[in-house]
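Participant: task: produce atomic coordinates for the following.
(one chain, ligands or ions: 1)
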Amino acid sequence: MPTKMRTPTKTKIRKGDVVQILSGKDRGKQGRVLESRPKEGRVVVENLNVVKRHMRPRPIRDANRMGRQQILPGGVIDKPAPLPVSKVMLVCPVCKRPTRIGVDVREIKGEPVHRRVCKRADCGQEIDR
Ligand SMILES: [Zn+2]
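Facilitator: Numbering: from 1, shown residues only. Take a look at the predicted model:
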């Protein structure tokens, strides 16, 4: 067993959240999270951190059993690249400001229910509604 455990980046950011980019060329821009990868500590944000992928034309296998082989056209494709979660901040849907996420635990019928809340002192509203 390794003595040093790597702490996985815990992210409370989920798919569908709106985040603001903190650094890089898209700093200050906002976008919706398309994909959250907690294991990698990364998120993919719509239209942000876009990289150009140069694709070669390639055949699609078994796309059409009947006719001739179809070709996927090549060219330059814009694709959002995953961003480290440390470079994004959730935008609170209530106060519309980038914020840290707090967790509020409340007992409902004997079951603890975790809710994400805005950490802004003057807001503190529930994020998921
Ligand atoms: Zn807020």
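Participant: what parts of this structure come near the ion?
Facilitator: Contacts of the chain with the ion, taken as C-beta under 5 Å from the ion, map to 92, 94-95, 118, 120, 123. (Glycine included, C-beta is placed from N, CA and C.)
Participant: between those residues, which sits nearest residue 35?
Facilitator: residue 92 (21.0 Å; C-beta to C-beta).
Participant: give the contact list for that closest one.
Facilitator: Listed by C-beta atoms under 8 Å, 6 or more residues apart in numbering, the contact set of residue 92 reads 98-99, 118, 120, 123, 125, 127.
Participant: so among the residues you listed, which ones count as buried?
Facilitator: By neighbour count, with 16 or more other C-beta atoms under 10 Å, the contacts of residue 92 hold 98-99, 118, 120, 127 as buried.
Participant: which one among those residues gets closest to the ion?
Facilitator: Closest approach between these and the ion, by C-beta to the ion: residue 118, at 3.0 Å.
Participant: pLDDT at the residue lying closest to the closest one once chain neighbours are set aside, what is it?
Facilitator: Of all residues not flanking residue 118 in the chain, residue 92 sits nearest, at 4.2 Å (C-beta to C-beta, 6 or more residues apart in numbering). On the pLDDT scale, residue 92 is placed at 97.
Participant: any idea which helix or strand carries the residue positioned nearest the centre of the chain?
Facilitator: By C-alpha atoms, centre = their mean, the chain has its centre lying nearest to residue 43, at 3.2 Å. For residue 43, the host element (DSSP states H and E) is strand 42-45.
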